[in-house]
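Trainee: below is the sequence, then the predicted model.
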Amino acid sequence: MLIKKSRFIGCVQPVANRASAQAIVAGLREQHPVAAHVCWALLAGGQSAAMDDGEPTGTAGRPMLEVLRHQDLDGVLATVVRYYGGVKLGAGGLMRAYTDCIAQALKNAQKVPIIKTRTLRCAVPYALEGLLRREIEVVGGTLKDVAHGDDVEFIFTLAASTADELVARLNEDGQGRISWFSENA
């Protein structure tokens, strides 16, 4: 976007942590060596950070971070590369420019819900193998490992919100013949 001859290039993208975010920002500095500022804001895994990169304190990174917080996002990095156009925007103008730039980037971004998962481990008699496989599939779980020995041992992941209900249902349907090894079960 262009504001009073300054060019602002905004981007919002998923990141796992601060180290990944800093690597992305370093890459942007290499791609835009003559840009006046590369400002950024991060929300990832309970960590937050904001960098004004030479803009007046609190006029770039923090407003971008507030946009991310307002959208209730996590695991995301917002960046804005600014090419200075020769006209000063003032503190309020800068805050609006950086906020608007990230808001525009978010408007077109595909948001993916974060689903907390749990990993469960259990052993079942062979007669219950089919039941367990069907139940895992019904709740959208993912089999990680199946081992056939005296019993059938399963390791699987599923949405944490469905884990307790599934364990209770399997314990009832399996009539106490399912052994759980996961500390989460």
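Mentor: Happy to help now that I have it.
Trainee: the residue nearest to Glu66 when sequence neighbours are not counted is in what secondary structure piece?
Mentor: Using C-beta to C-beta, 6 or more residues apart in numbering and skipping the chain neighbours, the partner closest in space to Glu66 is Thr99 (7.5 Å). The way it works is simple: take the backbone N, C-alpha and C, and place the C-beta from them, glycine included. Assigned by DSSP states H and E, Thr99 belongs to helix 90-107.
Trainee: helices and strands around that helix, which ones?
Mentor: Contacts defined by 3 or more C-beta pairs under 8 Å, 6 or more residues apart in numbering; DSSP states H and E place helix 90-107 against strand 6-14, helix 61-70, strand 76-83.
Trainee: one more time with 10 Å
Mentor: Packing partners of helix 90-107 (3 or more C-beta pairs under 10 Å, 6 or more residues apart in numbering; DSSP states H and E): strand 2-3, strand 6-14, strand 37-44, helix 61-70, strand 76-83.
Trainee: using PDB, write out every CA atom in the last one.
Mentor: The reference is to strand 76-83. What follows is strand 76-83, C-alpha atoms only, in PDB (Å, rounded to 0.1, in the frame of the first residue of the first chain):
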ATOM      1  CA  VAL A  76       1.900 -16.200  13.400                       C
ATOM      2  CA  LEU A  77       4.400 -13.600  12.300                       C
ATOM      3  CA  ALA A  78       3.400 -10.200  10.800                       C
ATOM      4  CA  THR A  79       6.000  -8.200   8.900                       C
ATOM      5  CA  VAL A  80       5.900  -4.900   7.100                       C
ATOM      6  CA  VAL A  81       8.700  -3.600   4.900                       C
ATOM      7  CA  ARG A  82       8.600   0.100   4.500                       C
ATOM      8  CA  TYR A  83      10.300   2.100   1.800                       C
END
